[in-house]
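Student: need coordinates for the following:
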Amino acid sequence: MRLRIEHTTRYEFSLPVAHGLQRLRLTPKCTQGQKVIDWHMRLTGAQAEVEYEDHNCNRTTLVSVGSGASMVEVHCTGLVVTADNAGVIGQHSGSMPLWAFLPQSPLTRPGPRIRAIMAGLDIPRSDVLALLHGLSAQIVAEVRYAPGETEVHTSGEEAAALGLGVCQDHAHIFIGAARAAGIPARYVSGYLMMDDRIEQEATHAWAEAHVEGLGWVGFDVSNGISPDERYVRVATGRDYSEAAPVTGMSYGAGESLLQVRLAVEHQHVEQ
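Tutor: I've put the predicted structure just below:
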């Protein structure tokens, strides 16, 4: 499938910025089942300082915010060709060893509620793939998808205890539970083309777990499926903090207003 993506992130500041830095992970990966045909990033109110691949092989752009800027806009457009591999990404690669995806982080560390979700699974630990699919279904059954109830710093355990969350929370709960079962797991940020619309509400998040014999396999807990050709992988990490699309800091900017516009569209090839 050929997916045309247009993604605009705009920050408006109540006071002129004295100094600011932002780290952007907005360039999709070229991986199994996914090929980036073209990708362009345009900056307003900021300038790119350096581009590099981080320790998770995420294409990262470090930008500086111009002194006196009252607005920063990052506009990305591109074309990505995808295939449906039933969520299978394949064998592990990159500079991070596989064991690095076993230790918990503050966002994934299980507490009583996540352990209770795991205890409710009547699936042998030896059947890893079935266990992971069962875990995904159990999470979405017990933690209802509800926008606005959590925020980016909410941990998986906090969302599980609340019984409400969004895709980021579902991914953190899944990752924490998988790691507790001895299965390497990681966080994925990216895009999802919804079947009923072009304009999307936000970027999407899901999880991947490493299964012997298959390698990394994706699980979109919120939608109850493994990613297919409608998904575009952008960044991966041990949790949201390592795969967030935009992170940074600014000084002297006062309050900030964030606006996001995102469109993901199937581009048909003319015969």
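Student: residue contacts, I37?
Tutor: Taking C-beta atoms under 8 Å, 6 or more residues apart in numbering, we find I37 in contact with 2, 78-81. C-betas here are computed from N, CA, C, even on glycine.
Student: look up phi and psi at the nearest residue to E212 once chain neighbours are set aside.
Tutor: Spatial nearest neighbour of E212, chain neighbours left out: V128 (7.1 Å); criterion: C-beta to C-beta, 6 or more residues apart in numbering. Reported as degrees, to the nearest 10, the phi and psi values for V128 are phi -60, psi -50.
Student: surely V128 touches V211?
Tutor: Yes - V128 is within contact range of V211, at 5.3 Å (criterion: C-beta atoms under 8 Å).
Student: which of those two has more neighbours?
Tutor: V128 (21 against 16; other C-beta atoms under 10 Å).
Student: got the contact list for the more buried one?
Tutor: 183, 211-212 are the contacts of V128 under C-beta under 8 Å, 6+ apart.
Student: if we go to 10 Å?
Tutor: By C-beta atoms under 10 Å, 6 or more residues apart in numbering, the residues touching V128 are 178, 181-183, 209-214, 217.
Student: adjacent strands (with direction) for the helix or strand of the chain with the lowest mean pLDDT?
Tutor: Taking mean pLDDT, DSSP states H and E as the measure, the chain has strand 199-200 as its least confident helix or strand, at a mean of 76. Applying DSSP bridges, strand 199-200 is found paired with strand 256-266 (antiparallel).
Student: what residues of the partner strand count as buried?
Tutor: By 16 or more other C-beta atoms under 10 Å, the buried positions in strand 256-266 come out as 262-264.
Student: related to what we said a few turns ago, which among the contacts of V128 end up buried?
Tutor: The buried subset of the contacts of V128 - by 16+ other C-beta under 10 Å - is 178, 181, 183, 209-211, 214, 217.
Student: out of the contacts of V128, which are inside strands?
Tutor: 209-211, 217 (DSSP state E).
Student: show me which pair in those residues is furthest apart.
Tutor: H210 and V217 (7.7 Å; C-beta to C-beta).
Student: what touches both of the two?
Tutor: With C-beta under 10 Å, 6+ apart, H210 and V217 have common neighbours 89, 128.
Student: where neighbours are concerned, which of the contacts of I37 has the most?
Tutor: V80 (26 neighbours).
Student: contacts only, for the residue most central in space within the chain.
Tutor: The residue lying closest to the centre of the chain (C-alpha atoms, centre = their mean) is S189, at 1.6 Å. Residues in contact with S189 (C-beta under 10 Å, 6+ apart) are 25-26, 58, 167-168, 171, 203-206, 233-237, 240, 242-245.
Student: looking at those residues, which are in strands?
Tutor: 25-26, 204-206, 233-237.
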